Every structure is written in C-alpha cells, then in structure tokens.
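Colleague: mind looking at a prediction? Sequence and model below.
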Amino acid sequence: MSKKLAAQALDTLLSGQSTGRISKRGSTSGPAKKIGSLPATKTGLKKIKHQLRYGHSVKRAQEAAAAKENPLDKLKTQLEKEQVIMEKNLSYYRTTNRISKKELELRSKIKKLREKGNQNKAMESRVEMDGEDSDQ
C-alpha cells in the first residue's frame, strides 16, 4: 500500500463522511465536521503501520512475561491493591458521612419522644390491667 493511498484511506475514515448514495439521502443534518487529519510528517503513518504489523508480538511478549510471574506474587499484589482501595474508601466514607450537630439534636429529640410514647403506653396498659382486676 502506498503512503499516499494509506493517508487518503485514513483521512476518509477519520472524516466520518460516507460516499454512498443511500447514506447521503438519509442524512439531512448538513455537512459533518472534520475530526482532524493525519500528521504532515511520515512518522505518523510509520507509527500506525508499525503498530498494525508488530503489535501482536508485543502483546504476546507481555502475555509470556505475565505467565512467568509467580501466582503468589500476583495474589499478594492484588490483595495489597485491594487493601489500599479499601483504606481510601473508608477514609472517604468517614470524611463525607459525619453526623452534623443538628442531626444529633434531632436524633436525641426523636429518641426522647419515643421514650415518652413507650412510657405512655406502659401507663395505659397498667391502668387497663388495674381496671380489669377491680372488675373481678
């Protein structure tokens, strides 16, 4: 593939404009904006071509290196990462979910009201029990 042809092909892919008749009829939104063009130097195309040709060998080398690692070391590093994440989450939780003074006051009021309600219910049940005993 010549450099010129490769550059044209990549430019058309990046432009996002289709050349088919059907797609031209269907799109009434106007001309699409051009995303960008390739770099003017040869290095941009060379990098793309190199990645396409030799990218698989780099991936295989990484997989081979990962296979040679000790599974216990992998587990240890994974546990350390999880521990760090958990500590960050706990510190975030502690800083964001603190109880305000107003909330503490409201909680204490609610607690007092509940206790009063429980005392009133206990008094009513005692009165009912006394009333039943006197009827007999």
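Modeller: Sure, I can see it. Numbers count the residues shown, from 1 in each chain.
Colleague: where do the helices sit along this protein?
Modeller: Secondary structure of the chain by DSSP state H: the helices cover 3-15, 21-26, 42-68, 71-96, 101-135.
Colleague: ok, which of these comes nearest Gly36?
Modeller: With distances scored as CB to CB, the stretch of the helices of the chain nearest to Gly36 is helix 3-15 (6.4 Å). Just so you know, the C-beta spots here come from the backbone N, C-alpha and C atoms, and that holds for glycine as well.
Colleague: in the closest one, what's buried?
Modeller: Buried positions in helix 3-15, judged by neighbour count with 16 or more other CB atoms under 10 Å: Ala7.
Colleague: next, the angle helix 42-68 makes with that helix.
Modeller: 70 degrees (axes from the mean of the first three to the mean of the last three CA atoms, to 10 degrees).
Colleague: which elements pack onto helix 3-15?
Modeller: helix 42-68 (3 or more CB pairs under 8 Å, 6 or more residues apart in numbering; DSSP states H and E).
Colleague: just checking, what packs against the helix it packs on?
Modeller: Packed next to helix 42-68, using 3+ CB pairs under 8 Å, 6+ apart, are helix 3-15.
Colleague: what's the closest non-adjacent residue to Arg107?
Modeller: Setting aside the residues directly before and after it, Arg107 is nearest to Ile99 in space (CB to CB, 6 or more residues apart in numbering), at 7.9 Å.
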